[in-house]
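Undergrad: Below is the sequence, then the predicted model.
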Amino acid sequence: MKMYGNVDIVSPTRFDENELQRCPSENSNIYLQEESLYEPIRSTDKTDPGHLWRLSSTGSSVEETGLHWGHSPPRQGCYQRSKFLFVLCSGCLLVILTLCVLGIILPKYSSMKTEIEFLKEEQKKLASLGSFHVYSESHDKCAEVRSSSSPHLFELTASECFLDSYSQFFRWLPRGRLMSTKEGLCVGVEKQRTNQPLRLYECDNERVLNWVCTNETLLGVKGENLFFNFGNNRERIIMLYWGTGIWSRWKARSPEGKLQNGTCVQCCA
């Protein structure tokens, strides 16, 4: 210790730095850490999955190069291969579904096409025979042959019109006889009086009626004031009736569905 005037100057005592690291003072908030002079760097060798260590630029701290220990670079080749397989499987599945749908649709389309061609041929045949619908324009119904409640008898009813229903087609025979194209039987009645249902009989039967036309749409029994009538009943049974209103008015429709002027256009007197 040196004296300078009245002031005592104490020279600082030298401490070992290593000793200071090992024994920090209780009131000190400085904690020294051991630092590595090396830091990890990315390996340029593809076979090395880990890191190499390099000296920090500061010389006293360690910096990572961006990769973590135990992590490998992403494998782009594996991702591309998985994507290709997914697209391939999706394409195969789409082809299989398309073939299944075609396998269901094509037979139905072929069957429908055959049925349409058959219907056209039948329509040509019916037209060549002079067949037609007996059509009620006021009710939008066609006369149709159906089995009667009595055995071996057919009666006429007013039904929805169908171009492929042969039971709805009729044709004219000589002497004004009206014949069902399907059954080959002619329209007649049990007794010639009003409210009697019309039925089918052999065309040479005495019950068969001879029809005449008035004003093209009014179809009546020759020599009688009785007409082909829609029939105001729940069963829509066509019958003879004395009235001449819209219930007794009929027109002819061709097998192609073309409406003609009247039922008597092709009538044979």
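TA: Done, it's in.
Undergrad: Any regions of the stretch 101-250 of the chain where pLDDT drops low?
TA: 113, 115-129 (pLDDT under 70).
Undergrad: residue ranges for the strands of it, please.
TA: Ranges of strands in the stretch 101-250 of the chain, per DSSP state E, counting those that start in this stretch, are 132-136, 141-147, 154-159, 169-173, 177-180, 186-189, 198-201, 211-214, 218-221, 227-229, 239-241.
Undergrad: Tell me the helices and strands packed up against the fourth one.
TA: Contact analysis of strand 169-173 by 3 or more C-beta pairs under 8 Å, 6 or more residues apart in numbering; DSSP states H and E lists strand 132-136, strand 177-180 as its packing neighbours. Where C-beta positions appear, they are placed from N, C-alpha and C, glycine not excepted.
Undergrad: burial count for Gly91?
TA: Neighbour count of Gly91, defined by other C-beta atoms under 10 Å: 10.
Undergrad: Which helix or strand contains it?
TA: Assigned by DSSP states H and E, Gly91 belongs to helix 76-129.
Undergrad: Surely Leu200 is in contact with Phe154?
TA: Yes - Leu200 sits in contact with Phe154 when judged by C-beta atoms under 8 Å, with a separation of 4.1 Å.
Undergrad: Mind checking which of those two has more residues around it?
TA: Neighbour count, other C-beta under 10 Å: between Leu200 and Phe154, Leu200 has more, with 24 against 19.
Undergrad: wait, what's in contact with the more buried one?
TA: By C-beta atoms under 8 Å, 6 or more residues apart in numbering, the contact list for Leu200 reads 145, 153-156, 180, 183, 185-188.
Undergrad: Tell me the one of those nearest Thr98?
TA: Nearest to Thr98 among the contacts of Leu200: Val145, at 47.0 Å, using C-beta to C-beta.
Undergrad: Number of residues surrounding that closest one?
TA: 24.
Undergrad: what sits opposite it in the beta ladder?
TA: Leu156 (DSSP bridges).
Undergrad: How about the contacts made by it?
TA: So Val145 contacts 154-156, 167-168, 180, 182-183, 200 (C-beta under 8 Å, 6+ apart).
Undergrad: give me that answer again for 7 Å
TA: Shown in contact with Val145 (C-beta atoms under 7 Å, 6 or more residues apart in numbering): 154, 156, 167, 180, 182-183, 200.
Undergrad: ok, Val189 touching Leu198?
TA: Yes - using C-beta atoms under 7 Å, Val189 makes contact with Leu198 at a distance of 5.8 Å.
Undergrad: Could you check which of those two is surrounded by more residues?
TA: Leu198 (22 against 18).
Undergrad: how much space is there between the closest residue to the more buried one other than its chain neighbours and Leu185?
TA: Leaving aside its chain neighbours, Leu198 sits nearest to Leu156 (4.7 Å; criterion: C-beta to C-beta, 6 or more residues apart in numbering). Separation of Leu156 from Leu185 (C-beta to C-beta, to the nearest Å): 11 Å.
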